[in-house]
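Enquirer: sequence unknown, structure follows:
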């Protein structure tokens with residue numbers, strides 16, 4: 001038995017992991033912080049180089065010096081990355097960027113090269129690029145007011161009460177030209193790591209989801225509510241557009257300028273104005289699922305508990321428009337009666353909010369809706385078309401209606 005125990009120990013996962021750790025050089029793993037910093041520097045150069053050079057002439061000596069410094073820092077960081085087939089190409093790309101800046105190339109050339117190099121860097125040395133859940137934008141707004149508004153201003157215009165005290169002016173998130181070049185991921189990187197040599201400190205000690213929420217908030221200031229409404233119309237009416245931005249990873253990496261190359265600037269601004277206010281729109285639910293409607297109704301009740309009647313009504317409306325309406329045609333075809341009951345119950349829920357119903361009353365209505373949603377998901381399930389499942393679904397609904405009538 002001792003011999004077998006030894007064999008088991010030798011084959012244990014922990015033992016094997018230890019052996020691997022000893023055999024694989026530490027340098028084989030890239031430090032995410034190095035990759036993220038290099039990426040952030042490239043993004044900074046791509047966006048800000050236009051403020052340093054124009055038409056082949058230096059506009060600002062200090063900013064031009066900064067561009068050269070950052071490009072050199074990128075080269076140094078790439079040299080320290082572990083060996084990979086792609087590394088030499090990245091190093092050459094960084095050298096090309098330094099040379100282009102040295103000969104005072106155009107802002108368009110520098111932006112194209114820097115953004116391309118940043119994308120290649122992440123493909124070769126992947127780091128986390130997206131939140132692992134939909135950001136809580138209410139939390140992001142509150143966080144911005146508490147920690148960012150003193151410098152960046154309540155409206156993100158860069159004129160907070162402490163802005164005048166800073167040697168480096170805070171970024172104005174309302175600057176549309178700059179905002180079109182910024183992704184939410186770039187803003188998240190700045191929130192996480194700060195900016196050396198400025199008053200912009202790192203907020204790496206905050207939970208990851210809060211940093212993403214703050215980044216989404218910062219990325220929404222440059223675009224208006226009117227643009228967001230137009231973006232909502234475009235998003236809901238254009239299936240090809242929805243396929244173009246299928247998930248959070250795509251959304252946070254996308255700049256308005258990049259999207260504009262395929263759909264035009266005005267449409268790109270509108271769509272991202274909407275999605276940065278409503279990132280849940282790119283989180284696809286399973287066909288026939290009402291998970292988004294359930295989540296929105298829960299958020300609506302929570303808003304009512306906080307005394308935010310307007311927010312509760314907006315969330316209730318979103319539960320219908322975004323969570324239920326997409327499946328309404330299919331449900332109508334399979335069970336028009338059930339569709340009508342859900343539609344009516346959701347209308348009653350919104351009416352209850354308007355008349356100031358208590359959170360407890362709203363919770364009861366949501367409980368009824370949850371039961372109706374269960375029925376709808378059963379009707380919409382892949383096996384719902386069989387005779388047996390149709391009978392069972394109908395029997396379940398009749399049983400529930402009978403109990404409700406008796407109660």
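Expert: Arrived safely. Just so you know, these numbers come straight off a predicted model, no measurement behind them.
Enquirer: Break this protein down into its structural domains.
Expert: Following the assignment in automatic domain parsing, the chain carries domains at 27-124, 130-283, 291-406.
Enquirer: ok, for residue 118, nearest residue in space, not its chain neighbours?
Expert: Across the structure, with Cβ to Cβ, 6 or more residues apart in numbering as the measure, the residue nearest residue 118 apart from its sequence neighbours is residue 42 (4.1 Å). Quick note: C-beta positions are derived from backbone N, CA and C, even for glycine.
Enquirer: Report the separation between the one you found and residue 171.
Expert: As defined by Cβ to Cβ, to the nearest Å, residue 42 lies at a distance of 17 Å from residue 171.
Enquirer: Kindly report the same for residue 103.
Expert: Distance from residue 103 to residue 171, by Cβ to Cβ: 28 Å.
Enquirer: likewise residue 97?
Expert: In this structure, residue 97 and residue 171 are 22 Å apart, going by Cβ to Cβ.
Enquirer: And these two? Which one has more around it.
Expert: Under the neighbour definition other Cβ atoms under 10 Å, residue 97 and residue 171 were set side by side, and residue 97 has more, 27 against 22.
Enquirer: Are there helices or strands packed against the host helix or strand of the more buried one, and which ones?
Expert: If you go by DSSP states H and E, residue 97 is part of helix 87-102. In terms of contact count using 3 or more Cβ pairs under 8 Å, 6 or more residues apart in numbering; DSSP states H and E, helix 87-102 is assigned the packing partners helix 32-48, helix 61-79, helix 107-124.
Enquirer: To residue 216, which of those helices lies closest?
Expert: Comparison of the helices and strands packed on helix 87-102 against residue 216 by Cβ to Cβ identifies helix 32-48 as nearest, at 16.8 Å.
Enquirer: what angle sits between the closest one and helix 87-102?
Expert: Put simply, helix 32-48 runs at 30 degrees to helix 87-102, going by axes from the mean of the first three to the mean of the last three Cα atoms, to 10 degrees.
Enquirer: For helix 32-48, what does the pLDDT average out to?
Expert: Model confidence over helix 32-48, given as mean pLDDT, is 80.
Enquirer: again with stretch 126-133
Expert: For stretch 126-133, the mean pLDDT works out to 73.
Enquirer: Pull out the buried positions in it.
Expert: Of the residues in stretch 126-133, those scored as buried under the neighbour-count criterion (16 or more other Cβ atoms under 10 Å) are 127, 130-131.
Enquirer: what's the answer for stretch 184-200, then?
Expert: For stretch 184-200, burial by neighbour count (16+ other Cβ under 10 Å) applies to 184-194, 199-200.
Enquirer: Residues touching it, excluding its own?
Expert: Contacting residues not belonging to stretch 184-200 are listed as 33, 36-37, 39-40, 43, 47, 129-130, 151, 166, 168, 170, 201-204, 206, 211-212, 214-216, 218-219, 251-253, 276 [Cβ atoms under 8 Å, 6 or more residues apart in numbering].
Enquirer: If we use 6 Å, what do you get?
Expert: Contacting residues not belonging to stretch 184-200 are listed as 36, 40, 43, 166, 168, 201-204, 211-212, 214-216, 218-219, 252-253 [Cβ atoms under 6 Å, 6 or more residues apart in numbering].
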